[in-house]
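S.K.: the sequence and its predicted three-dimensional model are supplied below.
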Amino acid sequence: MRLSLVRRRRTFPRDGASSMPGSSVQATRDASALTDNPLVVRLSGAGGDVVALAAGALTVLAFAPFALFPLALLAPAALFLSWTVAGVRRAAWRGFLYGVGLFGAGVSWVYVSLHTYGNMPAPLAVGAVILFVAGMALYPALVGALQARFARLATGTRLALATPALWTLVEWVRGWFLTGFPWLNLGYSQTDTPLAGFAPWVGVYGVSLAAAMSAGLIAAAVLEPKRRWKRHAPLLVLLWCLGWFAGQVSWAQPAGAPVKVALVQAAVPLAIKWRPEYRSAIVDTYVRLSESAPRADLYVWPEAAVPGYFDQVAPHLLPRLDRIAQERNADFLLGTIERDVAARTYYNSVYALGGTQGVYRKRHLVPFGEYLPLPAVLGWLIDYLHIPMSNFSPGDGAGSVVQAAGQPIGVSVCYEDAFGEEIIRSLPDATLLVNVSEDAWFGDSLAPHQRLQMARMRAIESARPMARAANTGPSAIIDHRGAVLARSPQFTRQVLTGEVLPMSGSTAYARYGNAVIVVLLVAIVAVLGVLAHRRRR
């Protein structure tokens, strides 16, 4: 590898070349410095592959519940370093290994969902998880292959600008391709750091870009000790200071008095939830918990808290809720399953009951869990797994804002709050956000904690408080800056109470969504791509 680097250096033009940083001569000097760096030599062989795999697994510790956020900078920096001495194929392989470490450790809860609660046999579940992790690992593999095409750029430019831009752009693609899986985006690890200040401006992908740039600057500082304190360290400090200042902007103003919320967490096991003989007892549990809770303006039941079709349960349930609502001058938001018998359609819905009535129907459905892609081909799978309530229709977008507790509320169901552009559909009308979820599908895994961290990012992006009610927890009350004001322990039966302050106003992200950051990323990649192509010629 060292000989190949030297040979490539001799092909660079010498006569008439500029000595400006970023020029061909600069790239030549960078290549020479790489061949003389002992760390780079160690990363040129199998050691670099091991580093990439370990870096992926360590990155998981940067996210909740561990929250070791510096690892979101240091682990990718190690991967970036391993890429500097790799060609296209080796860089893609190391990106794949990083992805195996990241998703293999970070989304291992997929096995719990498929096997423990989805009734999939263990061997089949293991195989499905392996395929899923391998598919997700293709995204960082793509980053590795693409960034290798920018090898002719100066080292600092490649590491601190080109690679982070490609990294974030591929993250964005992963967030929508095949309905999207935005789990473990680098930006989520920074909810408690100054970099979160970029979220109201350009969303979580802007935070990912800042984190990846930080990793690139750290990697550049390791490779270029002579520029460490003159260039890389000052730029790193400047980036974090900009994040802090960006976070000081006030985007929203109070929109009325605080709203008292009560999040009803019944901790109903999935093993009995959908069995008809337990339906009445489960509904009674929710009613009793609501009655015994302190007075509130808004009571929130989790996703599908009513374990059956709403039209079946409503005749017996609604009079009881109406009585509580009238006695306490309160409203209810409750998750339930709705059906249209004539149209043979089913919806994962949230009903608003009390002084005003409304309904929200979930739009972004989970593949295989809530709807079946290619039903003509894969219909046997759902019949084989016996997954309850797995053939929903998406809502049409109407009713994304429901009225309750005197406020327009932006409602989301389950992992819809993993998608920033789903949440901002209700803005600027909504003054607070409510998410209802069934986290029992994840068991005692990392997923509920990771989901809560994503919900916090949604609050920061939108400058809106969020009340999140989950059947098995953690339920949480989050303010408009993403701070958790109250949180319940998992797998306990309780009602989490607190206050949220409704907010009005609109962040830049709420106005423009991901468009700004995507245009910026494409522009960076295009400009640097042209420069790299010219120097390659």
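M.R.: Nice, thanks for sending it over. Numbers count the residues shown, from 1 in each chain.
S.K.: what's in contact with stretch 218-226?
M.R.: Stretch 218-226 has contacts (Cβ atoms under 8 Å, 6 or more residues apart in numbering) with 30, 33-34, 37, 39-40, 73-74, 77-78, 80-81, 84, 155-156, 159-160, 227-228, 231-233, 236. To be clear about C-beta, it is placed using only N, CA and C from the backbone, and glycine gets the same treatment.
S.K.: all helices of the stretch 351-500 of the chain, in order?
M.R.: 375-385, 420-423, 447-462 (DSSP state H, counting those that start in this stretch).
S.K.: need the longest helix for this structure.
M.R.: helix 122-148 (DSSP state H).
S.K.: need the buried ones from the contacts of stretch 218-226 selected in ChimeraX.
M.R.: Applying 16 or more other Cβ atoms under 10 Å to the contacts of stretch 218-226 leaves a buried subset, and the ChimeraX line that selects it is:
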select :30,34,37,40,73,74,77,78,80,81,84,155,156,159,160,227,228,231,232,236
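S.K.: which ones among the contacts of stretch 218-226 map onto helices?
M.R.: Using DSSP H, the contacts of stretch 218-226 in helices are 30, 33-34, 39-40, 73-74, 77-78, 80-81, 155-156, 233, 236.
S.K.: and the residues you listed, which is closest to L298?
M.R.: Closest approach between the ones in helices among the contacts of stretch 218-226 and L298, by Cβ to Cβ: L73, at 39.4 Å.
S.K.: so what's that closest one up against?
M.R.: 211, 214-215, 218.
S.K.: one more: R464?
M.R.: Per Cβ under 8 Å, 6+ apart, neighbours of R464: 252, 410, 427, 430-433, 480, 503.
S.K.: with L446 instead?
M.R.: Counted by Cβ under 8 Å, 6+ apart, L446 has contacts 60, 63-65, 106, 108-109.
S.K.: again, but for L496
M.R.: So L496 contacts 262-263, 265, 469, 475-477, 486-488 (Cβ under 8 Å, 6+ apart).
S.K.: low-confidence ranges in the protein?
M.R.: 1-36, 372-390, 397-399 (pLDDT under 70).
S.K.: domain map for it?
M.R.: If you go by automatic domain parsing, the domain ranges for the chain are 37-250+515-536, 255-506.
S.K.: what helix or strand is N348 on?
M.R.: strand 345-353 (DSSP states H and E).
S.K.: swap that for L153, please
M.R.: Assigned by DSSP H and E, L153 belongs to no helix or strand.
S.K.: same check, this time on A165
M.R.: Per DSSP H and E: helix 163-174 holds A165.
S.K.: for the closest residue to E499 other than its chain neighbours, phi and psi?
M.R.: Excluding its sequence neighbours, the residue lying closest to E499 (Cβ to Cβ, 6 or more residues apart in numbering) is P258, at 4.1 Å. Reported as degrees, to the nearest 10, the phi and psi values for P258 are phi -60, psi 150.
S.K.: next up, the contacts around P258.
M.R.: Contacts of P258 by Cβ under 8 Å, 6+ apart are 499-502.
S.K.: can you put those in JSON lines and add neighbour count and distance to D417?
M.R.: Listed next are the contacts of P258 as JSON lines, based on neighbours: other Cβ atoms under 10 Å; distance: Cβ to Cβ, whole Å:
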{"residue": "E499", "neighbour count": "16", "distance to D417": "21"}
{"residue": "V500", "neighbour count": "27", "distance to D417": "15"}
{"residue": "L501", "neighbour count": "18", "distance to D417": "19"}
{"residue": "P502", "neighbour count": "23", "distance to D417": "18"}
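S.K.: among those residues, which lie within strands?
M.R.: 499-500 (DSSP state E).
S.K.: tell me which of the contacts of P258 is nearest to G335?
M.R.: The closest of the contacts of P258, once distances to G335 are taken by Cβ to Cβ, is V500, at 18.8 Å.
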